[in-house]
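Visitor: please work out how this folds:
(4 chains)
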2 protein chains.
Amino acid sequence: MAVKELPMIRQRGVCCGLPDIDAGWAEGTAGLMKALSDPTRLTMVASMWKAEEPICICDFTAGLELSQPTISHHMAKLKGVGLVDSEKRGIWVYYRLSADLAPATRRLLSQLIA
Amino acid sequence: MAVKELPMIRQRGVCCGLPDIDAGWAEGTAGLMKALSDPTRLTMVASMWKAEEPICICDFTAGLELSQPTISHHMAKLKGVGLVDSEKRGIWVYYRLSADLAPATRRLLSQLIA
DNA sequence: CATATCCATCGACGATTGTCGATGGCTCAG
DNA sequence: CTGAGCCATCGACAATCGTCGATGGATATG
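Guide: Model (predicted):
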């Protein structure tokens, strides 16, 4: 990321071009970022990442200081962007990071979760 | 990320523990994610990343189909989390990715922007 | 069956967000 | 000085978000 000099000459009312940024990429990536933009959801994702085994919703409800509907709501958002998979076992529902995460997403998480 | 087996036995009303996730990390990282959770801001960041030279606000206003106050508003958010630096030059204001981004943040962006 | 636990969904609420038009401060050209 | 262009800030608005209590379905126990 070498930083070039500022352009010296510029006429009023005349703007230069921007690099081409794919709108689909921006939309999709923003969706993923939005899913990760809440401390609670980030904590859940990091927990599943570090635990490397499925975690029961009841454990999140007990561990984080939030109501059960709120936990469910956050988990639904993570599921909505395909970050997690769920598995029902008896009366419990276990969540884990999706088995088929895109490699880029996996690298992103490994970068994110120290 | 080997996925272990589900716990077989579990008593009703008894929950296991969660991995320890630092609350400060969650809060801070969520803030960064929130800054990147909008397609417009993501496009701006990617533009500055790829251009490797400062970009004038007027170029964003011309290139993205949004009003000038909206562009300014988004840029202010990016500046708020320390992602960008600004430099006034005549009647123009140029923005670039912050010169002293945390290495982890830089790696994150390089991972994000294909 | 009756009861208790776990969980998702619904409906509601205040808070935050993305967007815009209007305004005013700078800065340069004439 | 005057006018015009660039930009940040303000005030407003609809939309979304995070949170909760209430409800109901599913499942296991007795």
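Visitor: switch to C-alpha atoms for all contacts and neighbour counts from now on
Guide: Will do.
Visitor: chain A: helices as residue ranges?
Guide: Assigned by DSSP state H, the helices in chain A fall at A:23-35, A:39-51, A:57-63, A:68-80, A:103-112.
Visitor: my guess is residue A:107 meets residue B:110, correct?
Guide: No. With contact defined as Cα atoms under 8 Å, residue A:107 and residue B:110 do not form a contacting pair (11.0 Å).
Visitor: identify the residue nearest residue A:46 in space, chain neighbours excluded?
Guide: Closest residue in space to residue A:46, ignoring its immediate chain neighbours: residue A:113 at 6.4 Å, by Cα to Cα, 6 or more residues apart in numbering or on different chains.
Visitor: measure the one you found to residue B:68 for me?
Guide: Residue A:113 sits 36 Å away from residue B:68, going by Cα to Cα, to the nearest Å.
Visitor: more neighbours, these two?
Guide: residue A:113 (18 against 14; other Cα atoms under 10 Å in any protein chain shown).
Visitor: go ahead and confirm the more buried one touches residue A:47.
Guide: No. Look at residue A:113 against residue A:47 with Cα under 8 Å: they stay out of range, at 9.7 Å.
Visitor: could you list the low-pLDDT ranges of chain A?
Guide: Scanning chain A with the threshold set as pLDDT under 70 gives A:1-8.
Visitor: what parts of chain A come near DNA strand C?
Guide: A:56-59, A:61, A:68-69, A:71-73, A:76, A:91-94 (Cα under 7 Å from any atom of the strand).
Visitor: please indicate which of the residues you listed are buried?
Guide: A:56-58, A:61, A:71, A:94 (16 or more other Cα atoms under 10 Å in any protein chain shown).
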